[in-house]
Each structure stands twice: as C-alpha cells, then as structure tokens.
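Participant: Pasting the sequence and the predicted model now:
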Amino acid sequence: MDDRALKGKTVLVTGAGGFVGSHLARRLTSLGALVTGVSRGNSNGIDVTDRQ
C-alpha cells in the first residue's frame with residue numbers, strides 16, 4: 001500500500017485503549033490519517049486521548 005493513501009483520511013479505531021489498537025492508532029497517525037479511537041474503558045489508567 002502506498003503510504004500516502006491514508007494522508008488526510010479519517011479512521012475509526014475500536015479498542016484504541018488496548019495494546020494492538022493503540023499501536024495501530026499511532027501508526028495510522030504517523031501515516032497522516034486523522035484517527036478517532038474508542039475503547040470500553042480505561043481500567044489501566046492510561047490516557048490515550050489527544051495524542052499526536
């Protein structure tokens with residue numbers, strides 16, 4: 001896939017508070033995507049909001 005394919009696209013990542021979801025969100029952001037992440041809860045105390 002061309003790395004530019006996601007630049008400026010909006011992507012929804014479910015499970016963004018977990019290990020895989022958070023890493024996916026970071027990678028998509030690094031490729032230029034606008035990422036919105038959702039998660040069931042924040043039981044481990046890690047804040048994943050507003051990361052850039």
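Facilitator: Arrived safely. Numbers count the residues shown, from 1 in each chain.

Participant: show me where this protein has helices.
Facilitator: Defined through DSSP state H, the helices belonging to the chain, from first to last, are 19-30.

Participant: which regions of it lie under the pLDDT threshold?
Facilitator: Counting by pLDDT under 70, the low-confidence segments of the chain come to 1, 41-52.

Participant: center of it, which residue is that?
Facilitator: Nearest to the mean C-alpha position of the chain, by CA atoms, centre = their mean, lies residue 25 at 2.0 Å.

Participant: right, and it touches residue 13 too?
Facilitator: Yes. Counting by CB atoms under 8 Å, a contact exists between residue 25 and residue 13, whose distance comes to 4.7 Å. Any C-beta I mention is one placed from the backbone N, CA and C, and that applies to glycine too.

Participant: since we're on residue 16, how many residues are nearby?
Facilitator: 21 (other CB atoms under 10 Å).

Participant: tell me the contacts of it?
Facilitator: Contacts of residue 16 were listed using CB atoms under 8 Å, 6 or more residues apart in numbering, and they are 22, 24-25, 35, 37-39, 48.
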